[in-house]
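Asks: Here is my input, please return the structure:
(one chain, ligands or ions: 2)
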Amino acid sequence: MTATVFITGATSGFGEACARRFAQAGWSLILTGRRETRLQALTDELSALTDVHSLVLDVRDRHGMEAAIAGLPAKYDKLTALINNAGLALGAAPAPQCELNDWDIMVDTNIKGLLYSTRLLLPRLIAHGRGAGIVNLGSIAGNWPYPGSHVYGATKAFVKQFSLNLRNDLVGTGVRVTDLEPGLCESEFSLVRFAGDQAKYDATYAGAEAIQPEDIAETIHWILTQPAHININSLELMPVSQTWAGFAIDRSRS
Ligand code: NDP
Ligand code: 8X3
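Replies: Ligands and ions are numbered 1, 2, ... in the order given. Just a heads-up that it's a prediction; the model follows:
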């Protein structure tokens, strides 16, 4: 049986790199994202290597997700892997200056979208059984607080706890769950976060030798091809250039 991976957010960054990595390894792909032109171009390109099925989907659209997944061809009744990658940060301003709308979008995408794809695809992963796996894109932001992370980091903390809890409920099914927690990685993530501001994007990565999407794809491929009796619970990775800052202290009262 050919291994099949369902990837949310395959139109850029980690998702696109995963699509290429798994295609190279001969897996069938189910690719999703909102930007149809990009999705189609990637589908056309990778169809030369493997079987590719694409779905133009907004993960926040529960009914759209239900319909699209229910309508998958029978050959995808068993799924080897789900990469819950679609996600975003919006802004890095202090909480009092933030737009509630941006907070809604992060919660709806990073939490609710991930829940929809997980719940809707679990029966297919369980049907595959031993050796199947889910990789959820958490973040160092779910482990460590930093200024301006507030809701984004909190969504990733949710992803971590949900991933660990899900493992308990999947005991006996053979389905594995991993929370992957990258640090600074160079992708459109920062263009989205800074509303297309190229100068802020450049400043974020300047001289940092950030992790690249291909590095993340390689890591995810490694996680999902471990022997079937091994579950990588969580994996945090950073570029060597990134470490932790000290505690901040307000000295304005002296
Ligand atoms: P990119 O911005 O390059 O990619 C994000 C992907 O998510 C795109 O394909 C986008 O597709 C998709 N997406 C966003 N919103 C939706 C939506 N509502 N419905 C469907 N797809 C959506 O970022 P990265 O590749 O860097 O990020 C991928 C994941 O990794 C995210 O969850 C992010 O939080 C996480 N992460 C990123 C880090 C980084 O430093 N880059 C570090 C740690 C974690 P489209 O717009 O076409 O819908
Ligand atoms: C993205 C990594 O450090 O920008 O999840 O929050 S960080």
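Asks: Let's see the pLDDT reported for the closest residue to ligand 1 within the stretch 51-200 of the chain.
Replies: Of all residues in the stretch 51-200 of the chain, the one sitting closest to ligand 1 is Gly87 (2.3 Å; Cβ to the nearest ligand atom). C-betas here are computed from N, CA, C, even on glycine. In this model, Gly87 is scored at 98, pLDDT.
Asks: ok, for it, nearest residue in space, not its chain neighbours?
Replies: The spatial neighbour of Gly87 that comes closest, neighbours along the chain excluded (Cβ to Cβ, 6 or more residues apart in numbering), is Asn110 at 4.5 Å.
Asks: any idea which element Ala23 lies in?
Replies: Per DSSP states H and E, Ala23 falls inside helix 13-24.
Asks: That helix close to ligand 1?
Replies: Yes - Helix 13-24 reaches ligand 1 (Cβ under 6 Å from any ligand atom) through 13-15.
Asks: can you tell if that helix touches ligand 2?
Replies: No - Helix 13-24 is not in contact with ligand 2 by Cβ under 6 Å from any ligand atom; minimum separation 10.5 Å.
Asks: packing partners for that helix?
Replies: Packed against helix 13-24, as judged by 3 or more Cβ pairs under 8 Å, 6 or more residues apart in numbering; DSSP states H and E, are the following elements: strand 4-7, strand 28-33, helix 36-46, helix 213-224.
Asks: Just the CA trace of that helix, in PDB.
Replies: The C-alpha trace of helix 13-24 is given here as PDB (Å, rounded to 0.1, in the frame of the first residue of the first chain):
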ATOM      1  CA  GLY A  13       6.900  27.400   3.800                       C
ATOM      2  CA  PHE A  14       7.000  24.100   5.700                       C
ATOM      3  CA  GLY A  15       3.900  22.700   4.000                       C
ATOM      4  CA  GLU A  16       5.300  23.200   0.500                       C
ATOM      5  CA  ALA A  17       8.700  21.800   1.600                       C
ATOM      6  CA  CYS A  18       7.000  18.800   3.100                       C
ATOM      7  CA  ALA A  19       5.000  18.200  -0.100                       C
ATOM      8  CA  ARG A  20       8.300  18.100  -2.000                       C
ATOM      9  CA  ARG A  21      10.100  15.900   0.600                       C
ATOM     10  CA  PHE A  22       7.300  13.300   0.700                       C
ATOM     11  CA  ALA A  23       6.800  13.300  -3.000                       C
ATOM     12  CA  GLN A  24      10.600  12.600  -3.400                       C
END
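Asks: Provide the angle between the direction of that helix and the direction of strand 28-33.
Replies: Counting by axes from the mean of the first three to the mean of the last three Cα atoms, to 10 degrees, helix 13-24 lies at 160 degrees to strand 28-33.
Asks: Could you list the buried residues of helix 13-24?
Replies: Judged by neighbour count (16 or more other Cβ atoms under 10 Å), helix 13-24 contains these buried residues: 13-23.
Asks: Including pLDDT, could the residues of helix 13-24 next to ligand 1 go into CSV?
Replies: Below are the residues of helix 13-24 next to ligand 1 laid out as CSV (pLDDT from 0 to 100):
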residue, pLDDT
Gly13, 98
Phe14, 99
Gly15, 99
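Asks: Which one of those is nearest to Thr243?
Replies: Comparing the residues of helix 13-24 next to ligand 1 against Thr243 with Cβ to Cβ places Phe14 closest, at 22.3 Å.
Asks: Nice, that's everything, thank you.
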